[in-house]
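Quick one, structure for this:
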Amino acid sequence: MIPAYLDCNATTPVEKEVAREVQRFLVEEFGNPASPVHMYGTMARMAVEKARRDVASLVDAQPDEVVFTSGATESNNLALLGMAPAGLKRGLTHVICSAIEHKAVLEPVERLKEQGFEVTVVPVNPSGTVSVAALAESLRPETLCVSIMHVNNETGVVQPLDQVAEILSDHPAWLHVDAAQGFGKELELLRLSRIDLISISAHKIFGPKGVGALICRKRGADYPPLTPLMFGGGQEQGLRPGTLAAHSIVGLGAAARIAQRDHQQRRDSCLAFRQDLLNALTPFEIVIHGDPQHSLPHTINLSIPGVEAHAALSSLKGLIAFSNGSACTAQTQEPSHVLKAMGVQGRLLDEAIRLSWCHLTEPVDWRKVCSVIDQLQGGRE
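Okay, here's the model as predicted:
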């Protein structure tokens, strides 16, 4: 029996429509976009530029503001480390991020410390949202950049980017948003013009792995002051050299286009699945981590009293595939830094699991799942 896949925050299945486009540009339209001197290169270049327009459209950006990368991790590094030379030159050596950022932000920020930057890590509320008041108090004249994620990968909680943007309305600091988990799922916040830099990955929105983008919004005629991390060509405005993976980029563009087209249908499907999940698990007196009112409908982080996460993972692996935290760091077996920042402690921390699904998720036999959980709890009265 194949378990139902409930780990979509780690990676999503690929939409068939997207896969067909990727296949076409792998096998038929295989030209190099940097060689538009013949039909093959011209077709590849046209497809890449269409994908650029589709990605930009989803966040109300301009096509020339989209820089294709290998994914959100590279985009985060390019945004944060790429800004360091300009910051050091101008004496802007203060950076702000939140305590619940993905390691793909926290680790580049640690590298900034090594370069002489001072970093303020803003706390979060028990609800899982960044403390906007603490962020406002942390701002300084020498603040170069503020990095706040769009949607938390472990809890699904949407961050108050509208309030963050308002706080920064009169401050010149660049606002970077790691939108790996929210791009294509929550649409309005990323359209805020005050957000300067947006990191995205295709494989979180039903596209291929290994491709993403950094959206660099211009202020007037000026792009954010980024320095490339790699050298060897002039591709992507000189910020990301190397032959463009046209097939992957086409897949990202198709995924972005479909996300916009099918947004409400996908949301309705995820809400229905969530209700079935809650109907099944609520009798176990589950504790939900993160405010459900501010969470996307496809993610829930919860603790089942008396059932440690490792036991749940082992006992349920034949029925559902899920995670005990971020898939990118789960192998470390360390307690979730996100839940700890939210104040989750003790057994609840050890019992926390993450379930994440999508419109493509197969139905779950919740009766069998509940039977296993009941046994793990020792049987309920």
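
Confirm that Ser199 sits in a helix.
No - using DSSP: H, G, I helix; E, B strand; the rest coil, the assignment for Ser199 is strand, not a helix.

From Met149, how far out is it?
9 Å (Cβ to Cβ, to the nearest Å). From N, CA and C alone the C-beta is placed, and that goes for glycine too.

where do the contact lists of these two overlap?
Val177, Asp178, Ala179 (Cβ atoms under 8 Å, 6 or more residues apart in numbering).

check which helix or strand covers the residue nearest to Glu154 when sequence neighbours are not counted.
The spatially closest residue to Glu154, leaving aside those adjacent along the chain, is Val338, at 4.5 Å (Cβ to Cβ, 6 or more residues apart in numbering). In the assignment (DSSP states H and E), Val338 maps to helix 337-341.

That helix - contacts with which helices or strands?
Applying 3 or more Cβ pairs under 8 Å, 6 or more residues apart in numbering; DSSP states H and E, we find helix 337-341 packed against no helix or strand.

Need the CA coordinates for the following helix or strand past it. CSV is fine.
Under the assignment DSSP H and E, the closest C-terminal helix or strand after helix 337-341 is helix 346-351. What follows is helix 346-351, C-alpha atoms only, in CSV (Å, rounded to 0.1, in the frame of the first residue of the first chain):
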residue,chain,number,x,y,z
GLY,A,346,8.5,20.0,26.8
ARG,A,347,6.4,17.1,25.6
LEU,A,348,4.4,19.2,23.1
LEU,A,349,7.7,20.0,21.4
ASP,A,350,8.6,16.3,21.2
GLU,A,351,5.1,15.4,20.0
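
Touching helix 346-351 from outside, list them.
Contacting residues not belonging to helix 346-351 are listed as 287, 289, 303-309, 312, 335-336, 339-340 [Cβ under 8 Å, 6+ apart].

Any idea how far it is from the middle of the chain?
25 Å (Cα atoms, centre = their mean, to the nearest Å).

where's Leu271 relative to Leu296, distance?
10 Å.

Correction: the previous question concerned Asp7.
As defined by Cβ to Cβ, Asp7 lies at a distance of 15 Å from Leu296.

returning to what we had before: so which of the contacts of helix 346-351 is the most crowded?
Greatest neighbour count in the contacts of helix 346-351, by other Cβ atoms under 10 Å, goes to His289: 28 neighbours.

right, and that residue touches Ser303 too?
Yes - His289 lies in contact with Ser303 (Cβ atoms under 8 Å); the separation is 7.1 Å.

intersection of neighbour lists for the two?
Val344, Leu348, Ala352.
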